[in-house]
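Visitor: A structural model of the following input is requested.
(one chain, ligands or ions: 2)
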Amino acid sequence: MSRLMAKTLREDPADAETLSHKLLVRAGYVRRSSAGVWTWLPLGKRVLDNVSRVVREEMDAIGAQEVLLPALLPKEPYEVSGRWSEYGDLLFRLKDRKGADYLLGPTHEEIFTLVVKDQCTSYKDLPVMLYQIQTKYRDEARPRSGVLRGREFQMKDSYSFDVSDEGLAESYALHRAAYRRIFERLGLDHRIVSAVSGAMGGSASEEFLAPATAGEDTFVDCPSCDYAANTEAVTFAAPAVDGAGHAPAQEIPTPDTPTIEALAAHLGVPASATLKNLLVKVDGEIVAVGVPGDREVDLGKLGEHLAPAVVELVTAEDFADRPDLVRGYVGPQGLDKVRYLADPRVAPGTSWVTGANKADTHARNVVCGRDFEVDRYLDVVVVEAGDPCPSCGAGLRLDRAIEIGHIFQLGRKYADAFGLDVLGREGKPVRVTMGSYGIGVSRAVAALAEQTADERGLCWPAEVAPADVHVVAAGKAVPLALAESAAEALSASGLRVLLDDRAGLSPGVKLTDAELIGVPWILVAGRRSGDGVVELQHRPTGTREELTLDEALARLT
Ligand code: ATP
Ligand code: MG
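Guide: Numbering: from 1, shown residues only. Ligands and ions are numbered 1, 2, ... in the order given. Below you'll find the predicted structure:
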């Protein structure tokens, strides 16, 4: 440590919001270069490399082959797939000296498809799984949270190529199992949850989430069955309702009821009995979205469902040329030529209080299927704790987590875009089907820090720690000599050792640093060094024991 390029800090960096950000900077693992761009110092590089090693071993074990594609990519393939424009501001774009357009790769489906198109001509060349561990670039809107969300970050991305749907399912299952082993070995507590399959439809997609308060994802899991999903992917089963026997719809004057709460209080009904209708523009077309009055619309979810269409909120100008749309009093009954999307809770037969399409007026006994029709059901409300589990009905739990991996049955989207065919068994061309699978390698380092750190600092699982043993010379002369011989013996037996041989620092400062750095075992040569006695601390449990050096070495090796 007298020569190590790593200075520990006593104070948290001013801009740090998350625990991992604070500790990785304070313990000298990383330094900020620019917003969302990080320098990995020696301790950090070791942890990053350990994560990469585990990922690499498990990818190799399922027969995936490592390659390295460029990060600097030409525009054309991303124009073919449509992502040059779809990615919007997330993409780092640049020009070369001749004015040709390039991008810095955010993910590589296009380029891998082209590699396989170039290399594989027959069904005999497939299946194939390729992966790389590489730097990715995304111009994230809010690159906070340190290396959890970088604009430059390390990702392991792999891609499978098969001739049949069964083959794809097999490649997907192999990846799923490898990911479980990877996160298990890394010591990351994780859940596998259903994710949104996106605009391609039909295909399976799951995320690996590491529960942590710093996480930007919310997921639900069921306390009584094994259902777990990203909140964006939760679906609600529409209740079966007997729609008979409702009184006819009736208009009621409701002055001064601008909010759902005021309306519900005025009428003496719960907010859940009212129907709220949000107007949005979908690729410029005004569309109404109906949800129960006590629920919020999740615009992100709505956008996911309707992608690649662009969803925007309506503005005052949009109302100006639509006298039929009365702001604050929209109801689905009598809406003319406006598509009506609704939450499944607005089921056929349900009766509602809603706007009467007249100022200061609402209508009651407005029945779905009798007084209005729903054009399309979509799960668009913000999921809340206690919502019924789609699989067993029990109340769901809501938790925050970090997305550490994502596996995805892409199907033929990219093969179609690039005409990726191989000659099939019958001599006819067969379109290839693909999977794509990512792990946030640098993000996993931060996720591990989030899950394992305590009030004293980082606390790495053995597999990823920057060293196996942190040897502290708590004193000059005799303690230093004992610490040096301990370090030498441990290294000789194959253990990775960090030796604190710094002069002029008190034992207290050195021990505080050792706890901050978070190597699993701390061996202290201090006051009793003259008797050959050292103290062995286990960082995760905090247990301490005085042992002879030989006993300590035997224990550690
Ligand atoms: P997020 O929703 O967090 O933005 P994503 O779904 O866009 O992530 P993917 O395209 O699925 O990310 O990328 C695969 C993996 O790469 C993610 O599961 C995540 O672990 C990691 N990753 C994605 N974006 C970042 C980032 N900005 N910084 C660090 N790791 C990232
Ligand atoms: Mg993802």
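Visitor: contacts, neighbours, all on C-alpha from now
Guide: Fine.
Visitor: List the contacts of L103.
Guide: By Cα atoms under 8 Å, 6 or more residues apart in numbering, the contact set of L103 is 72-75, 91-94.
Visitor: Just the closest of the residues you listed to ligand 1, please.
Guide: Ranked by distance to ligand 1 (Cα to the nearest ligand atom), the contacts of L103 are led by L91 at 11.6 Å.
Visitor: Does the closest one touch R151 like I think?
Guide: No. L91 is beyond contact range of R151, at 10.0 Å (criterion: Cα atoms under 8 Å).
Visitor: more neighbours, the two?
Guide: More neighbours surround R151 than the other of L91 and R151, with 24 against 19 (other Cα atoms under 10 Å).
Visitor: Would you list the phi and psi of that one?
Guide: Recorded main-chain torsions at R151 are phi -90, psi -20, according to degrees, to the nearest 10.
Visitor: end-to-end on stretch 372-386?
Guide: Distance across stretch 372-386, first residue to last, is 29 Å (Cα to Cα, to the nearest Å).
Visitor: related to what we said a few turns ago, what sits in contact with each of L91 and R151?
Guide: Contact criterion Cα under 8 Å, 6+ apart; residues shared by L91 and R151: 137-139.
Visitor: which residues are contacting the strand or helix carrying E488?
Guide: E488 belongs to helix 478-492 when assigned by DSSP states H and E. Helix 478-492 has contacts (Cα under 8 Å, 6+ apart) with 471-474, 496-499, 501, 524-527, 529-530, 532, 549, 553, 557.
Visitor: average model confidence for that helix?
Guide: Helix 478-492 carries an average pLDDT of 97.
Visitor: Quick check: next helix or strand after that helix?
Guide: With elements assigned by DSSP H and E, the helix or strand that comes after helix 478-492 is strand 497-500.
Visitor: so how far is the helix or strand following that following strand from its chain's centroid?
Guide: As assigned by DSSP H and E, the chain's next helix or strand after strand 497-500 is helix 507-517. Relative to the centre of its chain, helix 507-517 is centred 33 Å away, using Cα atoms, centre = their mean, to the nearest Å.
Visitor: try stretch 439-453
Guide: 12 Å.
Visitor: That one near ligand 1 at all?
Guide: Yes. Remark: stretch 439-453 sits within contact range of ligand 1 at 439-440, 443, by Cα under 6 Å from any ligand atom.
Visitor: could you dump stretch 316-328 to PDB, C-alpha only?
Guide: What follows is stretch 316-328, C-alpha atoms only, in PDB (Å, rounded to 0.1, in the frame of the first residue of the first chain):
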ATOM      1  CA  ALA A 316     -53.900  23.500 -24.500                       C
ATOM      2  CA  GLU A 317     -53.500  24.000 -28.300                       C
ATOM      3  CA  ASP A 318     -54.700  20.500 -29.000                       C
ATOM      4  CA  PHE A 319     -58.000  21.300 -27.200                       C
ATOM      5  CA  ALA A 320     -58.400  24.600 -29.100                       C
ATOM      6  CA  ASP A 321     -59.600  22.900 -32.400                       C
ATOM      7  CA  ARG A 322     -61.500  20.100 -30.600                       C
ATOM      8  CA  PRO A 323     -64.700  21.500 -29.000                       C
ATOM      9  CA  ASP A 324     -65.900  17.900 -28.500                       C
ATOM     10  CA  LEU A 325     -63.200  17.300 -26.000                       C
ATOM     11  CA  VAL A 326     -64.100  19.200 -22.800                       C
ATOM     12  CA  ARG A 327     -61.100  19.500 -20.600                       C
ATOM     13  CA  GLY A 328     -61.600  17.900 -17.200                       C
END
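Visitor: picking that back up, next step: the contacts of helix 478-492 restricted to helices.
Guide: If you go by DSSP state H, these have 549, 553 in helices.
Visitor: Please pick the buried ones from the contacts of helix 478-492.
Guide: With neighbours counted using 16 or more other Cα atoms under 10 Å, the contacts of helix 478-492 contain these buried positions: 471-474, 496-499, 501, 524-526, 529, 532, 549, 553.
Visitor: How about the residues of the protein by ligand 1?
Guide: Going by Cα under 6 Å from any ligand atom, the residues of the chain near ligand 1 are 148-151, 153, 155, 403-406, 438-440, 443.
Visitor: what's the following helix or strand after the lowest-mean-pLDDT helix or strand in the chain?
Guide: None of the helices or strands of the chain scores lower by mean pLDDT, DSSP states H and E than helix 316-320, at a mean of 83. Following helix 316-320 in sequence order, the next helix or strand is strand 339-342 (DSSP H and E).
Visitor: In its sheet, which strands sit next to that next one, and in what direction?
Guide: Within its sheet, strand 339-342 is paired with strand 285-292 (parallel), strand 376-377 (parallel), according to DSSP bridges.
Visitor: Mind listing what's buried along the helix or strand containing V445?
Guide: Per DSSP H and E, V445 falls inside helix 441-452. Across helix 441-452, burial judged by 16+ other Cα under 10 Å covers 441-452.
Visitor: So which of these is the closest to ligand 1?
Guide: Within those, the smallest distance to ligand 1 is 4.8 Å, found for R443 (Cα to the nearest ligand atom).
Visitor: confidence score at that closest one?
Guide: We have a pLDDT of 98 for R443.
Visitor: Contact partners for it?
Guide: R443 sits next to 147-149, 153-154, 404 when contact means Cα under 8 Å, 6+ apart.
Visitor: How many residues are close by the closest residue to A238 other than its chain neighbours?
Guide: Distances taken as Cα to Cα, 6 or more residues apart in numbering put P344 closest to A238, at 4.9 Å, once the chain neighbours are dropped. As a burial measure, P344 scores 22 neighbours (other Cα under 10 Å).
Visitor: Same question for S2.
Guide: Count around S2 with other Cα under 10 Å applied: 10.
Visitor: Which residues are in contact with the residue lying closest to V326 once chain neighbours are set aside?
Guide: Among residues not flanking V326 along the chain, N357 sits closest, at 5.5 Å (Cα to Cα, 6+ apart). Going by Cα under 8 Å, 6+ apart, N357 touches 324-326, 329-331, 334.
Visitor: And these, which of them are buried?
Guide: 325-326, 329-331.
Visitor: State the pLDDT value of P323.
Guide: For P323, pLDDT reads 81.
Visitor: Tell me how far it lies from E11.
Guide: 60 Å.
Visitor: For my notes, confirm E304 occurs in a strand.
Guide: No. Counting by DSSP: H, G, I helix; E, B strand; the rest coil, E304 is not part of a strand but helix.
Visitor: if we can go back for a sec, where does the residue nearest to V326 sit, in terms of helix or strand?
Guide: Using DSSP H and E, N357 falls within strand 351-358.
Visitor: Please apply the same query to A169.
Guide: helix 165-186.
Visitor: Just the buried residues of that helix, please?
Guide: Within helix 165-186, the residues scored as buried using 16+ other Cα under 10 Å are 167-169, 171-172, 174-176, 178-180, 182-183, 185-186.
Visitor: For the stretch 101-250 of the chain, give the residue positioned nearest to ligand 1.
Guide: Residue nearest to ligand 1 within the stretch 101-250 of the chain (Cα to the nearest ligand atom): R149, separated by 3.5 Å.
Visitor: how close does that residue sit to E403?
Guide: From R149 over to E403 the distance is 10 Å, taken as Cα to Cα.
Visitor: so what sits against both of the two?
Guide: Common neighbours of R149 and E403 are not found (criterion: Cα under 8 Å, 6+ apart).
Visitor: of the two, who's got more company?
Guide: More neighbours surround E403 than the other of R149 and E403, with 25 against 20 (other Cα under 10 Å).
Visitor: element containing the closest residue to that one other than its chain neighbours, please.
Guide: Leaving aside its chain neighbours, E403 sits nearest to L209 (4.6 Å; criterion: Cα to Cα, 6+ apart). Secondary structure from DSSP H and E places L209 in strand 205-211.
Visitor: quick one: the spatially closest residue to E11 that is not a sequence neighbour from P13, how far?
Guide: The spatial neighbour of E11 that comes closest, neighbours along the chain excluded (Cα to Cα, 6+ apart), is R26 at 7.1 Å. Per Cα to Cα, R26 is found 8 Å from P13.
Visitor: Using the three-state scheme, assign the residue nearest to the spatial centre of the chain.
Guide: Residue closest to the average C-alpha location in the chain (Cα atoms, centre = their mean): E403, at 2.3 Å. Under three-state DSSP, the three-state class of E403 is strand.
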